[in-house]
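In: Pasting the sequence and the predicted coordinates here, then a few questions.
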Amino acid sequence: MKPNEEVKKLIELGRDHIIELALDKLNEQEVSEILKEDFHFITVKASHKRVQVDFGYNVMYLPKNASYYSGILVEFPSLFVSKSSVSNDGENTTFYQPTSEHLKVINFLMNPNGTRTDIFNKGKRWSPTIIYEKEKHYLVDFSARDPYLGGGFSEEEIDKETGEVLSTLSGHYARMPEDMLPTNLLGEKIEREEFIEIRK
């Protein structure tokens, strides 16, 4: 399908301009300024009727009693903003801005030998890794899930002091069966909205 006029005009502005428009909209609602450099990835994609800007993180560390926004989606032309969050028994959810202590823990767990040059996979969306601080260990949660294709997950408990792996749990998500795909009231399969990533 051909894009509507508003979407077409946005696409013509280009990826960088769309991101700036999304940040302007986002910062209307925030107390402190959010910059594109704060995120590990930003994707811009368009269907025939809307454009979505997805801001997010590939790796996060959550101390005890913390709660953060882990992903933000800004949509045009509706100007709708949605935020997903992750929590480690926290109540007041704030924008995620990792401190030096956060980065120290992430490096301790994910780059103990100091050989990895980019543990955050910056610039591209990656399956998320979330590290939760517990009383005597860290819980490292990794998930790669697509509702239509399936995926995998793993959880590791790692000793806070030694870095020793205390336990591991892993598994796979099954892909959604054809007969469980969403349908309308007439029982007809609802076609998924097709998005194309805007790279320029």
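Out: All right, it came through fine.
In: low pLDDT regions in the chain?
Out: Across the chain, the ranges flagged by pLDDT under 70 are 1-3, 147-149, 176, 178-191.
In: If you count neighbours, what's buried in the top helix by length along it?
Out: In terms of residue count, the longest helix belonging to the chain (DSSP state H) is helix 15-27. By neighbour count with 16 or more other C-beta atoms under 10 Å, helix 15-27 contains the buried residues 15, 18-19, 21-23, 25-26. Quick note: C-beta positions are derived from backbone N, CA and C, even for glycine.
In: Could you list every helix and strand that it packs against?
Out: helix 5-13, strand 41-46, strand 51-56, strand 66-76 (3 or more C-beta pairs under 8 Å, 6 or more residues apart in numbering; DSSP states H and E).
In: change it to 10 Å
Out: helix 5-13, strand 41-46, strand 51-56, strand 66-76, strand 80-95 (3 or more C-beta pairs under 10 Å, 6 or more residues apart in numbering; DSSP states H and E).
In: what sits up against that helix?
Out: 10-11, 13-14, 30, 33-36, 38, 42-44, 46, 51-55, 72-76, 79-81, 83, 95, 197-200 (C-beta atoms under 10 Å, 6 or more residues apart in numbering).
In: Report the buried members of those residues.
Out: By 16+ other C-beta under 10 Å, the contacts of helix 15-27 give 10-11, 34, 42-44, 46, 51-55, 72-76, 198 as buried.
In: Only the buried residues of stretch 56-63, if you could.
Out: For stretch 56-63, by 16+ other C-beta under 10 Å, it's 56-62.
In: again, but for stretch 62-72
Out: 62, 66-72.
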